[in-house]
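[1] output the structure for:
(one chain, ligands or ions: 1)
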Amino acid sequence: MSLETEFERVSLALENPFTIARGTQTHAENVIVRVTDEGGMTGVGGAAPSAHYGETADTVAAVMPDLLAAVERVGDPHALHAIESELRAVVEGNPAARCAVSIAVHDLAAKRLGVPLYRLWGLDADDAPATSFTIGLDETDRVREKAAAAVEMGYPILKIKLGTDRDRALIDAVRDAAPDARLRVDANEAWTPKEAVAKSAWLADRDVAFVEQPVSADDPEGLRYVYERSELPIAADESCVTAADVPAIADRCDIANLKLMKTGGLLEARRVIAAARSHGLAVMCGCMIESNASIAAAAQLAPLLDYVDVDGSLLLDEDPYEGVELSGGDVRLGEQERAGTGARLVPERTAEE
Ligand SMILES: [Mg+2]
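    Below is the predicted model:
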């Protein structure tokens, strides 16, 4: 067997500038990977590098030739474990870069078998929870408008970014615009432990479901302080990068939030889920701002999750790839007719090329 590989950088404009406690982005720099077998069948994956975890499109592009050479050396797209460990042997860090390759190979393996990836994993499409839709930080009136627009688009669960001195005004504005929405909150490490406890009590009164990463990942004792006193469940995102982090967060949060771009591959993502379950944690899968080249793969994990936050492609102005249908927030795996992750170039674009 032999495999051919290629990669391409894409700069994807966002529909609106996206702001969290750490900063603002207007574009998502993604890297698309393709792995093709002897019969001309192609698997696609994507990297959405995050500077917070030390990656940029430049670092992804820099290591990609070595990663793709490793895939070609293994040569067998069904040798998923061998490929993922070979990728880790080639570059130790660079999780988004490795993840793009892992996704492309999984996509190809499932396509060759003629099944959607979730079916290859033996999962039931009916078990997929609905995804949340994220509202970034903005002027209070804009947040109100965005929440109203999200409800208008049919999204029943909103994830609200906080971590400002206007947090209460922002939630009041969202509740005003979306009285029936299920709300989740993400502070992206911005609160002090005492502030997090006080805000969680206030948020509990506004019927918020849980708080994500209230305090710095560099402050594990602060996370424990919040967990022991918070009126709301606590999700760990920046504090939970790979499966090896799960034991250390198990006694200081309720929910482990994995992201493909942190784990470095789909096998490691499933290890995070298994490790979290074995420690009695609930599991969520989030994302970066990503093309469907990678979001479609995250959606395949949905039946294994308690909470789904895979709206990365929905925040793009235009995604060159389509993936799993997410209209109304439902992760419609059962409607997926395509084998693999379901990612493919949007047909109009294929026709243009
Ligand atoms: Mg988060």
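
[2] and the stretch 51-200 of the chain, which residues reach the ion?
    residue 186 (C-beta under 5 Å from the ion). In short, each C-beta sits where N, CA and C put it, glycine included.

[3] tell me where the stretch 51-200 of the chain has helices.
    Along the stretch 51-200 of the chain, counting by DSSP state H, counting those that start in this stretch, helices occupy 57-74, 80-90, 95-113, 117-120, 140-152, 167-177, 193-205.

[4] how is the protein partitioned into domains?
    Domain assignment for the chain, taken from automatic domain parsing, gives 3-114, 119-348.

[5] tabulate those (a markdown table), appending mean pLDDT and mean neighbour count.
    Below are the domains of the chain laid out as a markdown table (pLDDT from 0 to 100; neighbours: other C-beta atoms under 10 Å):
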| stretch | mean pLDDT | mean neighbour count |
| --- | --- | --- |
| domain 3-114 | 97 | 20 |
| domain 119-348 | 97 | 21 |
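
[6] who's in contact with the closest residue in space to residue 265 that isn't next to it in sequence?
    Excluding the flanking residues, the one nearest residue 265 by C-beta to C-beta, 6 or more residues apart in numbering is residue 102, at 3.3 Å. Contact analysis of residue 102 by C-beta atoms under 8 Å, 6 or more residues apart in numbering lists 45, 80, 83-84, 87, 264-267.

[7] repeat that for residue 328.
    130, 154-156.

[8] cool, and residue 16?
    Counting by C-beta under 8 Å, 6+ apart, residue 16 has contacts 136, 138, 146, 315.

[9] regarding it, what is its secondary structure?
    With DSSP: H, G, I helix; E, B strand; the rest coil as the basis, residue 16 sits in strand.

[10] please report how far it lies from the ion.
    Noted for residue 16: a distance of 18 Å to the ion, by C-beta to the ion, to the nearest Å.

[11] same question for residue 92.
    To the ion, residue 92 is 24 Å away according to C-beta to the ion.

[12] does residue 47 touch residue 261 like I think?
    Yes: if you go by C-beta atoms under 8 Å, residue 47 and residue 261 touch, sitting 7.1 Å apart.

[13] any common contacting residues for these two?
    Common contacts of residue 47 and residue 261 (C-beta under 8 Å, 6+ apart): 96, 99, 294.
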